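Sequence and predicted structure, then a few things I'm wondering about:
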Amino acid sequence: MNDAVRIDAATEGVVRTRFLGDLSAPDPIPEEAIETAVKLMRDGRLFRYGEDRNSLPEAAVLEEEFAAYAGRKYCVGLNSGGCALFVALRAAGVAPGDKVLMNAFTLAPVPGAVEHAGAEHVMVDIDERTVIDVDDLDRKAAATGAKFVMLSYMRGHIPDMDRVMQVCERHGLIVIEDCAHTMGAGWNGRLTGTFGKVACFSTQTFKHMNSGEGGLLVTDDEDIAARAILLSGSYMLYEQHRARPPMDVFERHKFTNPNCSMRMSNLVAALLRPQLAELDSRNAKWRTIYGQLAPLLDEIAHIQMPVRPGEEEFVPSSLQFFLHDLSDIQIAGFLETACEHGVHVKWFGVDNPVGFTSRHDHWRYVDDVAAVPAADRILHGLCDLRLPLWLEDQDCATIAKVLSEAMADAITL
């Protein structure tokens with residue numbers, strides 16, 4: 001889509017590569033989704049339920065379709081992925097003061113959901129693949145007596161789920177999967193979102209489906225599903241849900257679960273339904289883009305790509321790489337030069353959080369202070385790059401060239 005152009009540096013006349021694309025630019029919304037959204041706006045019935053007509057709410061239909069795609073019985077649409085995480089915690093039985101194990105490498109909505117639920121955070125270290133350290137999970141589950149784990153597949157990196165689930169079963173841990181970066185991904189033939197008691201997905205703009213904000217919660221547990229529907233804000237209209245448990249299940253919960261007004265609107269659902277139909281083809285394109293760009297970056301001095309085992313069926317809407325044997329000044333110079341030439345790279349090692357990028361020591365409301373030395377070391381050199389679907393082979397080559405030239409400059413600092 002975007003060809004490389006050559007420009008002369010202002011001072012020394014050095015010929016440099018510039019990338020003209022905008023890596024933050026998503027694909028357009030499908031026309032079918034736009035037409036449905038416009039129809040809804042003209043109708044004015046944007047609310048998630050209807051009191052006096054027989055038409056099916058878009059949110060209810062999306063929930064039914066996504067449950068089928070995800071291979072789970074029940075689905076609840078919510079306002080955001082963070083809302084889904086909070087509702088999942090509450091619906092799974094997390095009470096104020098309970099301990100929740102969580103990856104030290106995750107994004108702020110995860111500890112935010114734990115905080116929202118009034119629970120206590122217990123940080124678990126990560127390994128060289130940036131995924132949860134299974135041995136540390138084992139140790140901290142035993143040491144804390146925690147009964148819940150919020151397992152994040154951060155940036156789409158999936159741990160050895162056979163080992164993870166063995167540890168969780170041994171300690172009786174209830175697993176809540178944070179699948180914000182793994183919609184349609186799997187481990188050894190099994191989709192993420194089907195391992196735990198409950199799982200949450202995000203439809204934020206930079207995820208695999210785009211509604212600006214949105215979240216989807218899936219489960220096979222009828223009581224968790226009923227509680228989640230009530231918590232999401234169903235009033236007494238939960239019969240309109242199509243991916244719900246039997247009506248008698250709600251009788252057990254309708255007087256003891258608050259309405260938290262977090263359910264997805266029909267307008268958001270209308271934007272998502274056509275995208276769900278395209279999800280597998282979109283994910284295949286992301287894998288192609290990653291397969292083109294990753295080897296080029298791996299050839300650049302001081303850049304190392306993470307290991308991706310054959311069992312990890314990932315869907316890379318972003319790309320991560322490690323910087324090694326560089327000073328902080330050199331890293332900062334590399335990032336600045338790359339950005340000046342059109343490639344915006346995020347750095348998890350930056351002292352102060354920037355944009356979406358923060359790490360565990362930035363969340364000073366987190367009550368757990370357990371050491372996570374591997375996370376501290378690994379995140380210091382970890383960088384992140386968005387992969388919009390419109391990238392073509394020439395774009396990947398240009399991005400790699402910009403980063404190679406930026407690195408050549410940085411190592412002289």
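That came in fine, so what should we check first? Remember, it's a predicted structure, so these values are computed and weren't measured experimentally. Numbering: from 1, shown residues only.

now residue 275: how far from residue 229?
In this structure, residue 275 and residue 229 are separated by 23 Å, where distance is defined by CB to CB, to the nearest Å. Any C-beta I mention is one placed from the backbone N, CA and C, and that applies to glycine too.

higher neighbour count, these two?
With neighbours defined as other CB atoms under 10 Å, residue 275 and residue 229 compare such that residue 229 has more, 31 against 20.

Now the more buried one: closest residue in space, sequence neighbours ignored.
Taking CB to CB, 6 or more residues apart in numbering, and ignoring the residues beside it in sequence, residue 229 has residue 238 as its nearest neighbour in space, at 5.1 Å.

After the lowest-mean-pLDDT helix or strand in the chain, which helix or strand is next?
Among the helical and strand segments of the chain, the one scoring lowest on mean pLDDT, DSSP states H and E is strand 5-8, with a mean of 48. For strand 5-8, the following helix or strand on the C-terminal side (DSSP states H and E) is strand 15-18.

Count residues in the vicinity of residue 382, would you?
Applying other CB under 10 Å, we find 23 residues neighbouring residue 382.

how far away is the closest residue to it other than its chain neighbours from residue 246?
Excluding the flanking residues, the one nearest residue 382 by CB to CB, 6+ apart is residue 348, at 4.4 Å. Distance from residue 348 to residue 246, counting by CB to CB: 45 Å.

Which residue of these two possesses the greater neighbour count?
Remark: of residue 348 and residue 246, residue 348 carries more neighbours, 21 against 9, as counted by other CB under 10 Å.

mind listing what the more buried one touches?
105, 357, 359, 379-380, 382-384 (CB atoms under 8 Å, 6 or more residues apart in numbering).

please redo it, this time with the cut-off set to 7 Å
Taking CB atoms under 7 Å, 6 or more residues apart in numbering as the definition of contact, the neighbours of residue 348 are 357, 359, 379, 382, 384.

what does residue 135 give?
By CB under 7 Å, 6+ apart, the contact set of residue 135 is empty.

Help me confirm that residue 413 comes into contact with residue 331.
No. Taking CB atoms under 7 Å as the definition, residue 413 is not a contact partner of residue 331, at 9.5 Å.

any idea how far the nearest residue to residue 183 once chain neighbours are set aside is from residue 84?
On the basis of CB to CB, 6+ apart, the spatially nearest residue to residue 183 that is not a chain neighbour turns out to be residue 208, at 4.1 Å. Residue 208 sits 15 Å away from residue 84, going by CB to CB.

which of the two has more neighbours?
Neighbours of residue 208 and residue 84, each counted by other CB under 10 Å, are more numerous for residue 84; the result is 34 against 25.

what element comes up after the helix or strand encompassing residue 65 heading to the C-terminus?
In the assignment (DSSP H and E), residue 65 maps to helix 58-70. Past helix 58-70, further along toward the C-terminus, the next helix or strand under DSSP H and E is strand 74-78.

Could you pull out the helices in the stretch 301-413 of the chain for me?
For the stretch 301-413 of the chain, the helices defined by DSSP state H, counting those that start in this stretch cover 328-340, 373-380, 393-410.

Just the mean pLDDT for the first one, thanks.
Averaged across helix 328-340, pLDDT comes to 96.

Could you list the domains of the chain?
What the record gives for the chain is the domain set 31-275, 278-410, from automatic domain parsing.

Can you check which of these gets nearest to residue 23?
Within these, the stretch nearest residue 23 is domain 278-410; the backing value is 4.6 Å (CB to CB).

how long is the closest one from one end to the other?
With CA to CA, to the nearest Å as the measure, domain 278-410 spans 41 Å from end to end.

still on that earlier bit, can you give me the pLDDT of the residue nearest to residue 183?
Note for residue 208: predicted pLDDT of 96.

part of a strand, is it?
No. The assignment for residue 208 is coil, going by DSSP: H, G, I helix; E, B strand; the rest coil, so no strand is present there.

And it, its phi and psi?
Its backbone dihedrals place residue 208 at phi -80, psi -20, with angles given as degrees, to the nearest 10.

Identify the residues contacting it.
Taking CB under 7 Å, 6+ apart as the definition of contact, the neighbours of residue 208 are 183-184, 279, 282-283, 315, 317.

now do residue 73
Taking CB under 7 Å, 6+ apart as the definition of contact, the neighbours of residue 73 are 67, 220.

Give me the pLDDT for it.
98.

Excluding chain neighbours, what is closest to residue 188?
Nearest one to residue 188, counting by CB to CB, 6+ apart, is residue 311 at 4.1 Å.

what does residue 323 give?
residue 381 (4.5 Å).

what about the one you found, distance to residue 26?
In this view, residue 381 and residue 26 are 28 Å apart by CB to CB.

higher neighbour count, the two?
Neighbours were counted for residue 381 and for residue 26 using other CB under 10 Å; residue 381 has more, 19 against 15.

show me the contacts for the more buried one.
By CB under 7 Å, 6+ apart, residue 381 lies in contact with 322-324, 349.

repeat that for 10 Å
Counting by CB atoms under 10 Å, 6 or more residues apart in numbering, residue 381 makes contact with 302-304, 321-326, 331, 347-349.

List the ones among those residues that fall in strands.
For the contacts of residue 381, membership in strands holds for 303-304, 321-323, 347, with DSSP state E as the criterion.

If we only consider those, which is nearest to residue 97?
The shortest approach to residue 97 among the ones in strands among the contacts of residue 381 belongs to residue 347, at 35.6 Å (CB to CB).

sorry, back to before: what's the distance between the residue nearest to residue 229 and residue 128?
From residue 238 to residue 128 the distance is 45 Å (CB to CB).

do residue 211 as well
With the distance defined as CB to CB, residue 211 ends up 34 Å from residue 128.

Helices of the stretch 101-250 of the chain, start to end?
Along the stretch 101-250 of the chain, the segments classed as helices by DSSP H, counting those that start in this stretch run 109-116, 134-144, 161-171, 222-232, 247-250.

so of the ones you listed, which one's packed in deepest?
Taking mean count of other CB atoms under 10 Å as the contact definition, the stretch among those with the greatest mean neighbour count is helix 222-232, which reaches a mean of 25.

Between strand 74-78 and that helix, find me the angle.
Note on geometry: by axes from the mean of the first three to the mean of the last three CA atoms, to 10 degrees, helix 222-232 and strand 74-78 are set 20 degrees apart in direction.
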